[in-house]
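Asks: coords below, sequence missing:
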């Protein structure tokens, strides 16, 4: 038996490093909303109350602006439908109801409050797309609409990474190459590192049939270059995936996909059309319990034997 002993100063220093690294790992699968509150003359308004709300997701953050009139709501779940309400005594309240938060993005909003002559409020229902003023690297977000509507072979959702400029296939097993660099990629799922270091790919993506189902993925961010140190450990690119979660509204899907050799053309270099039979079936549902105290997401799928490489994945459930 080998024993190790760590002195208290070393252990304390290790604890500080872990404490500093924890938020960066957590924020990798989330987004944030930052902004500044000013009056109509351009002077900052300190100590204004800011409410960040997403009713379908049951999210509410109450913040205060600092001396410079700035605020920041971190670690927000990527979703549409966020509203930001700013209120300050002697000023008319202002609300922005059209804020969408994407994974890895810091959305910037600016409020210019007018003096309130009476009990008034201003609501911004439709605004221009908001830029992420803090992003310096080259990245792209593959949205939920693209994932659910664009055609895909085998329902391998990571294939949509090829929509990003400077990303090309690497071999025939489904790997990807960033800027001509083969390997060295990092894969994150909800902020957790799921990279398979031995095969240099996402865990379970090509060699076993346990990759995340297409219905499980809400969106993902592809970082090609210039990403910040919070990600690290990648000489190629980073694929930052966010899975679906529960909602106050009830939604569900069901699917069945079928394919056999009758639907396939014969290989021009072959004299036969070999037997092939594939089908994928599954369903998902998300919503809240009867008491309205918890939201959940459940997804089930099955890929029975009969695939060209053989394999079985399912049932799989995610909450």
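Replies: Okay, I see it. Just so you know, these numbers come straight off a predicted model, no measurement behind them.

Asks: residue farthest from the centroid of the protein?
Replies: Largest separation from the mean C-alpha position in the chain: residue 271, at 46.1 Å (C-alpha atoms, centre = their mean).

Asks: Specify the local secondary structure of residue 56.
Replies: What DSSP: H, G, I helix; E, B strand; the rest coil gives for residue 56 is coil.

Asks: what's the neighbour count on it?
Replies: 14 (other C-beta atoms under 10 Å). Where you see a C-beta, it was placed from the backbone N, CA and C, and this is true even at glycine.

Asks: and if you look at residue 241?
Replies: Neighbours of residue 241 (other C-beta under 10 Å): 25.

Asks: And the particular helix or strand that has it in it, how far out from the chain middle?
Replies: If you go by DSSP states H and E, residue 241 is part of strand 238-243. Strand 238-243 sits 5 Å away from the centroid of its parent chain (C-alpha atoms, centre = their mean, to the nearest Å).

Asks: Okay, the residue farthest from the centre of the chain and residue 262: tell me how far apart.
Replies: Distance of residue 271 to residue 262, computed by C-beta to C-beta, to the nearest Å: 18 Å.

Asks: can you pull out the strands in the stretch 101-250 of the chain?
Replies: 106-113, 121-124, 138-142, 167-170, 175-178, 181-182, 186-189, 192-193, 195-196, 201-202, 217-225, 238-243 (DSSP state E, counting those that start in this stretch).

Asks: Which one, of those strands, ends up nearest to residue 68?
Replies: Closest of those to residue 68 is strand 106-113, at 12.9 Å (criterion: C-beta to C-beta).

Asks: Distance from that closest one to the middle of the chain?
Replies: What separates the centre of strand 106-113 from the centre of its chain is 22 Å, taken as C-alpha atoms, centre = their mean.

Asks: next helix or strand past the longest strand seen in the chain?
Replies: Across the chain, the longest stretch assigned as strand under DSSP state E is strand 277-288. The element immediately downstream of strand 277-288 (helix or strand, assigned by DSSP H and E) is strand 295-302.
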